[in-house]
Each structure stands twice: as C-alpha cells, then as structure tokens.
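Visitor: structure here, sequence nowhere to be found:
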C-alpha cells in the first residue's frame, strides 16, 4: 500500500521523524453525532459571531488604521492581529469541509485588508505599525510580533491547502522574508516571548519545500535556555521557557500555552529531522505533564498567576486556570507526538482533552466562551478574572474563541493517519474516510455508545493493516470482522492491528464497553482528596445545580460503591447521557459561624439520601447559573 | 477608678465609640517567654538587618537623591519610602521599651534625611520627586503617595510618644498640611488606591487634637464606593474597596491588606465618633472574614492573584497567599474592634493570627522573611513568586519585614486595656503591667503552658474589676483568687470579670487547660477535605520533613481518634512543645505514572505505622528545606 502522505506539496519535506502521516486535509468527513453537530454550530454560529466580535473589539479597525484606510488609535492588546488570523484559519478549514460563498467572500475581504496593512518591506503587525512605529522588534518578550507572524503563516498554509488560493500565503511569505532579514545566524539571535512561530515555520517549510524556513524554526528553538527572556523582577525565564535549552528540558513549566506551543514546534522539528535527543526530551516533558500536571479533564496550566503550570500535583479545582487554549495546545502537541511514535497514549490524551477541557470552553450555541475552566464553581458570576460560571461572548484577551473555532473546523484531521502499511483510526466518530485506494465508512454513536462499525466501501488490492485504538479508559474491548470474533490483539502501542487482504464490503465491528465508573486521584493532589469523579467512555462528568434541585451541590456526597446508572436523555443539553448515582446531601447548617472546630465537638448533622444526577462536564453552564463540581466527596453507605 | 486613657495628649479626642482604652505606650513590659524572646531578636537582629536592607535596596538612596544629596536614579517600587517609615516606627517602639543610643542615633539620622527630602511646600515622596517630577497626585490608584504619607504619620506619632522628640512629627505635619491643601471638600475628592492614610490621620488627630485631621480621614473614607478606582480592564473597583460605600459593605473583598487597612481606618473613625452604622458594617465585614475567608492560622487573602480575598471558603493550602502583612492588618483591625466592643472574639483572632500567620512570617533569627505563608509546601525552593519554603532576607516589595518589626516591637500594646471600671487582660505572656494606681505582675509559660499567675504589686483603694479573657479554644478554664476557686463566671463577652476591693499581694491564678486537639474544617473548603489539623492552646501545628525522617510528609496520614502527646523540647527550635501523633505512612509508589485511576482498579498499597511529630506552624522552615503541611489526611485505625 502506498503512503498516504502529508497534505500539500511535500517533495522537499522528508519527515524523517514521522512514523504516521496525516491524511489529506479533505480525507475525512465527519457526518453525524457530537462532532458533526459541534462543527455545524461552529460554522453557522461561531464563525459569523467571531467576525462580528473582531469588528467590535477593534481587530479589524487596527488593520484598517495600519493600512491607512481609517484614522484612529490602536485598540486592545498587542496580539490583536493573531485573532484575525486564527479566524481565517478556521474559515479555511470550514471551506475545506464544504465550500461557502459567504465564508469565501468574508475571508477574501479580510485577506485584502491584511495585505493592505503590510509594509513595503513585508513587515506586518498593526500594533507596532499604529501604536509604536519605529519600535519594531524592540520587545520580543512581550511584543508578540513573531507570535502574530506564526498565526499568519498557519492561516495562510491552511487557506492555500483548503482553497488553492495563495494570496494569504504570498502575504505571509513576504513577512517571513522580512523576518529572515532580521533574525538568524549572523543577524539577531533571540526568541519570541510567546512560542508559535516555530511550528508555523515548519509548516511553511512543508508547504513550500524551502529549507530555510525549517532552519529558522530550528534557530529560534536553539535560542531558548539562555535565561534572557523574562529576566526582570516580575517574570522569570521559566515563565518564558527560557530556563534551559529545549533539548535539556525535563519538565513542562511556565506559561502553559507558550510551553506547549514550544513543544509543538520542537515536535514539528523532530518530525522533519528525526533527531532523537529532541524526541527524548519531548517524551520526558510530556510524561511530566501527564503524570504530574494534568487535570482529569485534560486541562493544563493550573495557575491563574502567570497562566502557568504549577508544581507537580498542584491542581486546584475551583481555582483551576486550565485555559481553553492550554487544552488546544496540548492537543496540538500530543498529535505531533502521536505522529512521531504511533503510541495510543498520545491519542488518549487528545481524546480526553478534546471532549472535556476544550469542549467545555464553548457554549452549545457556539457564541459564548470560557477562557478559564474550573473543575468546581460556587455558581456565582464573578468568580475570578476571566473565569466565572458563565461563558462570555468574547474576551479582552480573545485568544481562546478563534482557537476553538479553528480546532473544531479541523477536528477531522485527528481521526486517522496513514503509514506504509495501512490506515490507523485514532478517534471514533461518525465519519467517511477517503484516501487514495481506500474508502471507509465509520458508523457510531460515540461518545455515548462504544460500538463502532467500519465498512470498507473501497479498498486496494493486496493486504494492508487497519489499526484501531483501544482507549486507555477501556477494558474488555472486542473486535469482530465480518461478524467473527477477532480475539484480543491489542499491541503494546495500544492499537488492535488487523492486517489482511481486504474486500469491498468488509465490516469491522469494534466494541468498547463503557460502563460509568468512579475515578480517584493521586493522594498528593490537595483538591481531590477523599473525592471521586464520574467518567464514562472518554467523558468526565460533573454535578450541576440545575440537575440537582432541592439540595446544594456543595453539600453532595456520593456512595462510590453503589452502581452508577447511565441514562440517554435526547432532550437534555442537545442530547447527552446523564448518570444517576446514589448519595447523600449533608447538613452543613450545623457549621454556622464556624470554619474550624475540634473533631467530635459537634454533631455532623443529619444527612439525607439523594440521587445525584451528573452531566458531561463539557456541557455545564449552558442553563441558569449554578454551582458545579467534578470531584464529589465520597461517603460510606452507613 | 480613673480611666486609663489613650496614650498621648488626647484632650480633644473624645473617643466616643471606645469601650476600652489602650494603656500608655510604656505601661506593659514583656519580660520573659516567647514574646520577649521574639522582641529581643527583633531589636538585636531584625532592626539592624532592616537598616542594612533599606540601604542596599535603595530606599535611603532614593531619599538622598530626592534631597539633592546624591545623584542617581530612583530604585524599587513607588512605595519605597513607606519601608523607611515602618522601620522608624519599629525603632520608636523599641526605644519606648528601652532606650538605645544606637537606635536613637540611627533614627535621628534617618529623620534628618527624611526632612531633607521634603519639599518647600511640605510634599514628601521620593518616587515622585525623583522619578516623576511634576506628576504628583496623578495616579492615586497606584501611586501610593497617601499610603506613604500614612506610614510617615504613624511613625511620627509613635516616635513622639516613645521619645518625646517631635522632629519627625513636624515633618509629617508639614506634609499633612500640604495634603489638606490638595484633598478635601471643595478640593480634590478621591481616595488612595491603598488605604492607610485614614487610620494615620485619626491617630494624628488623637495626637494633636486637631479635628481637621479626623475630618479628612472621614472624607477619604467617604470617597469609597463610587467605582472610580481600578476602573480598567485588569483591575476592578472591588480590588480597591471602591465597589460600595464603606457603610454599605457587607463583605471583605479585593486586596487583603488594602481591605483591612481600610476597615482599620473606619474602625478608628468609629472609635472617635461612635457612629453606629459604621460599627455595624465593620461587624458584618469582620464576621464575613472570620466565618468564610480565614485560614486556620488567622491568615487572610487566599489569592496570589491581586493579593486578594477569595470567594467564601476559597482557602487553598499549598496555594495560600496569606501575606504576612494581611495577618498584621487583621490584628490591627481586630484590635480596634476589641476596643469598640470589649468582645473576646476579637482578641481571640488577634491571638490566633499573631501566633500563627504572623510569627511564621519571620525566621527565628529575625533576618529572614516570608511574604507568602502557605499551609503546605512540597519543600522545593521556588514555589510560587514571593513564596517558597525558604524565607528571604528581604523582598523587592518589602512591606512585610518592617511591618513585622513594628508589630513585634509593639506587642505589649495588645496585652491589656483599661476602662472606667478597671483593667482587662487580653493576651497572656510574662509581663509587668504598670498603670496609674495599679501594678501587676503576670507570670506564665504561655503559650506552652496554660497556667497564668497574676500578682498585684500595687493597687488603688476601692473596688475595681479585673477582666481575664477566656480564649475561644479553651474549655474548662478555672480561676483561683488567693488560692480559692472563683467558680465559673465567664461573661457573654468572653471574659471572667472579677470585681472586688483588691489588696497588694493578691494573687489570681488562671488555668487554661490546653490538651492538644484535632480540628476539622468546614466541608465547603476544598483543600482541607478529609483532613485534620493539630492545635494546642493558641498554636496551630504542622508536620515538617525535618521531624519525620524515613517517610514523606506528603504520604502521612493521622489517626485522629488516637491520643496526641505534647512534649516540651527545650532544644528544638529555641524551645517548643512538639506533639506526637499516631498515624501511617502510605505507599504512593503504587500510583506511579498515574494521576487518576478507577476506584478498586489497583491495590491501595501497604501502609506503615508511624509516629508523626508536629511542631508549631510558626516555627517551620527554620531548618533544612523540606515539605510541610498543616492539614493531615485522617485515616481509620484498621
């Protein structure tokens, strides 16, 4: 079977470190279920909403002023341009899914605007052009010029791949030429405060075949670790991933989004060069994240302070930061690690993060966004900056909304990959997969149901291997081929690999049992002590006030030994499986006027038997404001 | 019996709201035990160390540059002058305790320097004079000019009372005249971003009898609540206590030190005016703090973010902010509430906060300071900004060290008060109390021992009342007068009041039983769930790695039902009572590579019976760096 190849003209890109290859940008179509519904809302509600927000927040006016089309002052933060680029990237992926005159018209108008804001020398950044002319490249730590350039490049490559239109790519290439003139060996040697340019330059290399872009990405990565960024009294090199050289890093630290955009860039470099020390450090850092710094939702970046990773096991619940962009960055990185290794654990984290930390970041109607994603809330509106229990239409720092948009528009990219031996299915969703030589229909009600039916609609002659991920949360998975049991063949990689000569019409049935389960956390995590969380399949659940009338969510305890009862509720929150659990509501009124008391000095108060009702965490805060918690104190049944 | 009177010339101050009156600044001498030892270290180590730090950090140079005595640029933050004033206030209290040629010489040199930095018009602020000339009073929210003025006033009043020297007071009065020219009815109507001037102006009124200072304090308080301060995208009026008018406030919110300096100022205003609505709002806010936002140590201000109070029950342990200055501010406020009400609960919180949250802020050698006081630490050095498990010699924002110095130097002020009927003892320590007509010796090994022996060395003729606080933590207190049981006479105020005709040589013996106890926390606090803390008397305990070799503090569990064993250890940490408890060390190695797992999916691992050894929380981090925790998970004995 032939390789399925990276999307785009990759003749120059050797991808020496890649074990798996992404499919073509249009190879997978999601055509039903949760993902397709989220994509539809993203296309129909979120993208138009986003464009309105870019208009009202000043992002577009900033570009108009930079272009001389309008008078006025710069509005917002230095990185306003990047939100426009992320929106364009999302629009591109949407047009790859299905053409749209409306999206094309809006996108082309934006591209023209972006182009008109570009300087003669290719420089393009509305903040510095409008607000600080003459101060270009003077504050790499905080100026975000290379960060914005990175987003421009990513949008441009996506737009070209999706539509064939290379006007945005031409703009990006002019800016990159300008950047090459400033940075690199013999020129300025430093890195941006916010990683992003690195993965963008690797992608530009893949798209154009120009080696100098890969070299510049490598150059920027090599600048890290000299303790030059954030060297002042408020910041620290750690916050900027400048404490140790990239290849010496053993932990994830500092600003979570920056950290994981950097590891994503390093992983991209590895995918092209196959340089083993780079993969080794990335594996170490990824393990540090997953084994010590990960929320059960997949969320990362525990600290509000500096939006950063905490110490190991520092994972507060109501004070969780868990920025939506952090989850997205984690997915980007894990995706590259999956391509580099073929190991299911990376796809497991993509799944956990997507269904929980990231989907929670956007409302069911696509027009409200969380920046911060706590795992517990007292239900009051003003809970911490950017947080709270209500999503907002937009944010002053609006990185998250268009980041969610581009991720949802490109969800199909994460479903499957190819290699020389065949096809790998990493994520399960109702979908149609068409690659050169093979067409495959995937039918499933996942994540509500663990049965997945794959039908070969077309196949090459000769044997090839179909690999199916067995999620880490699953025990007792079974595979049937044309109705016959396949036996247990899960490889150490975490995949069942079925190699055979296939025939059109062959049916593979994968069954992933998904009983609801109670999960406990490592004893060193302070916020989860004595508690359990409910999970089912890839979903983390929570109890929300709206589903538990007559009691207070803060007063609930669960009998973790009693059975959990999943119930499909088509009318709830757009259709979700809820879970009923046995528990109690304790009487905290006996504590009135006391925060602390000697044990045994007062009655614990009566408790009342209740049935707890849990919903998927990602669906919380879509009804009236109310308290929510993922982790529920456990109590005995006596 | 005559009133014992506020210190200083108070002819004009009517103190209409005060039920109790502070004693004269030299009335109480601490002459043994923990407090006296801390005072000695403060005098001999901390004050000289502080002066060296003020020199090296640039505080003194800033004043020299402002005075034209030196060339150079301003160093540090805008409020650098306030650290100098706090040091002078501490030195003044020390000289009131016992004269010192060395302290006097150093203080007079500083006072001369401060005076030389003052402008012709009385304005005095080295930051604006040096760094932003012409920009005076342009950034009240962040400029801290009135905050610095407040500290100058407090130092000046203390210096005058302690030494009779009014040179610093003259400087302060010139600055206050300048301030009167800028702010007030018909002039600028706004408030400082950081409260402090309010209580200072009331104190200046008490010292000078000039009503206009009280009126200006009242004016500044009335400016609050119009939502004008912090009205930008990063701050909020809540952070600056500008959300609601002072008299409408029901909760403590925002920056903790600012909030409690403001309530202290409002309480000072109440003490002079007796305006009931002001006391009502202060009681509500105090209850909100103590019932919903207080660490067991008495620490306040849970959030690193904006150094602010959290939501109710938001009290993380390893992420606690609990700034040392927050604890000090809480003591200041509670002291004023005690004077206003005569209720022991305010003295209880002073005691809890002083022995735990505040004393933890300084090392036993007096030369190392915590800014942030977490209730748990993993023992690694770089744990959060300003925090960590090692105190530092000084901080870039160095508000805490000289604040600790002035508090320790003035500890004697908190011991006792007077009223028309007699004398009230609020805090227990080896001390000698001399007021007009009464001299009393207090002998005790408190807080290590609950027995207090009071001997009347001199007394007025005629009956008067001696009131003794029965701490909230104590049950079974008993009082003997000249060897005879007094019966149980604790009043609703929390004091045992003994009114009689006293004779020289009368002995009152108070016995406060202090068995070690396990304390639990309100179920709504996330960080303490399933845990207990050990307390004995007024002290909160912690387990620190140094005392628990062979196990990991993070792996300890306690059998809360087993007896606790206090042991006096004269050689440990300068002499402390440690507590031995029965517990286990669990085996967390079975969790390797996992943060989360289904319950019942793995063995909990073996646990090993151990004896936990706990030390007073305030003494932690005085040996080699290591993990520490106040709250210990409880486990059954099976």
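Guide: Nice, I can see it. It should be emphasised that the depicted structure is a prediction, and the values quoted were computed from it without experimental measurement.
Visitor: ok, whichever residue of chain A sits closest to chain B to residue B:531 distance?
Guide: As assessed by C-beta to the nearest C-beta, chain B sits closest to residue A:530 within chain A, at 3.3 Å. Bear in mind the C-beta positions are built from the backbone N, C-alpha and C, glycine included. Using C-beta to C-beta, to the nearest Å, residue A:530 is found at 8 Å from residue B:531.
Visitor: the residue of chain A closest to chain B: neighbour count?
Guide: By other C-beta atoms under 10 Å in any protein chain shown, the residues close to residue A:530 number 18.
Visitor: okay, it: pLDDT?
Guide: We have a pLDDT of 93 for residue A:530.
Visitor: circling back: any shared contact partners between residue A:530 and residue B:531?
Guide: Both residue A:530 and residue B:531 are in contact with residue B:633, where contact means C-beta atoms under 8 Å, 6 or more residues apart in numbering or on different chains.
Visitor: quick revisit: now the residue of chain A closest to chain B. Nearest residue, chain neighbours left out?
Guide: Computed as C-beta to C-beta, 6 or more residues apart in numbering or on different chains, the closest residue to residue A:530 that is not its neighbour in sequence is residue B:530, at 3.3 Å.
Visitor: show me the contacts for the one you found.
Guide: Neighbouring residues of residue B:530 by C-beta under 8 Å, 6+ apart: A:529-530, A:633, B:633-634.
Visitor: so which of those residues belong to strands?
Guide: A:633, B:633 (DSSP state E).
Visitor: so which of the contacts of residue B:530 comes closest to residue A:449?
Guide: The closest of these to residue A:449 turns out to be residue A:633 (C-beta to C-beta; 30.4 Å).
Visitor: now the closest residue to that closest one other than its chain neighbours: how far from residue B:519?
Guide: Nearest residue to residue A:633, sequence neighbours excluded (C-beta to C-beta, 6+ apart): residue A:557, at 4.8 Å. Residue A:557 sits 21 Å away from residue B:519, going by C-beta to C-beta.
Visitor: more crowded one of these two?
Guide: Between residue A:557 and residue B:519, counted using other C-beta under 10 Å, residue B:519 has the larger neighbour count: 23 against 20.
Visitor: who's that one bridged to?
Guide: residue A:598, residue B:533 (DSSP bridges).
Visitor: that one against residue B:296, yeah?
Guide: Yes. With contact defined as C-beta atoms under 8 Å, residue B:519 counts as touching residue B:296 (6.9 Å).
Visitor: so what sits against both of the two?
Guide: Contact with both residue B:519 and residue B:296 is made by residues A:596, B:533, B:535, according to C-beta under 8 Å, 6+ apart.
Visitor: output the contacting helices and strands for the host helix or strand of residue A:424.
Guide: Residue A:424 belongs to strand A:422-425 when elements are defined using DSSP states H and E. Applying 3 or more C-beta pairs under 8 Å, 6 or more residues apart in numbering or on different chains; DSSP states H and E, we find strand A:422-425 packed against strand A:416-419, strand A:438-444, strand A:463-469.
Visitor: turn the ones you listed into CSV, columns for mean pLDDT.
Guide: Shown next, in CSV, are the helices and strands packed on strand A:422-425 (pLDDT from 0 to 100):
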stretch, mean pLDDT
strand A:416-419, 97
strand A:438-444, 98
strand A:463-469, 97
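Visitor: which one of these has the most crowded surroundings?
Guide: When the helices and strands packed on strand A:422-425 are scored by mean count of other C-beta atoms under 10 Å in any protein chain shown, the highest mean neighbour count falls to strand A:416-419 (a mean of 24).
Visitor: residues in contact with that one?
Guide: For strand A:416-419, contacts defined as C-beta under 8 Å, 6+ apart pick out A:3-5, A:19-23, A:27-28, A:338-339, A:342, A:423-427, A:433, A:435.
Visitor: again, 7 Å this time
Guide: Strand A:416-419 has contacts (C-beta atoms under 7 Å, 6 or more residues apart in numbering or on different chains) with A:3-4, A:19-23, A:28, A:339, A:423-426, A:433, A:435.
Visitor: of those residues, buried ones?
Guide: With burial judged by 16 or more other C-beta atoms under 10 Å in any protein chain shown, the buried subset of the contacts of strand A:416-419 is A:4, A:19-23, A:28, A:339, A:423-426, A:433, A:435.
Visitor: how about low-confidence regions in the stretch 251-400 of chain A?
Guide: For the stretch 251-400 of chain A, the stretches flagged by pLDDT under 70 are A:381-388.
Visitor: next, residue A:480: secondary structure please.
Guide: strand (DSSP: H, G, I helix; E, B strand; the rest coil).
Visitor: please name the nearest non-neighbouring residue to it.
Guide: Computed as C-beta to C-beta, 6+ apart, the closest residue to residue A:480 that is not its neighbour in sequence is residue A:509, at 4.4 Å.
Visitor: repeat for residue A:621
Guide: Nearest residue to residue A:621 in three dimensions, chain neighbours excluded: residue A:389, at 5.5 Å (C-beta to C-beta, 6+ apart).
Visitor: please apply the same query to residue A:501.
Guide: Per C-beta to C-beta, 6+ apart, closest to residue A:501 is residue A:463, 4.6 Å.
Visitor: so who does the one you found touch?
Guide: A:499-501.
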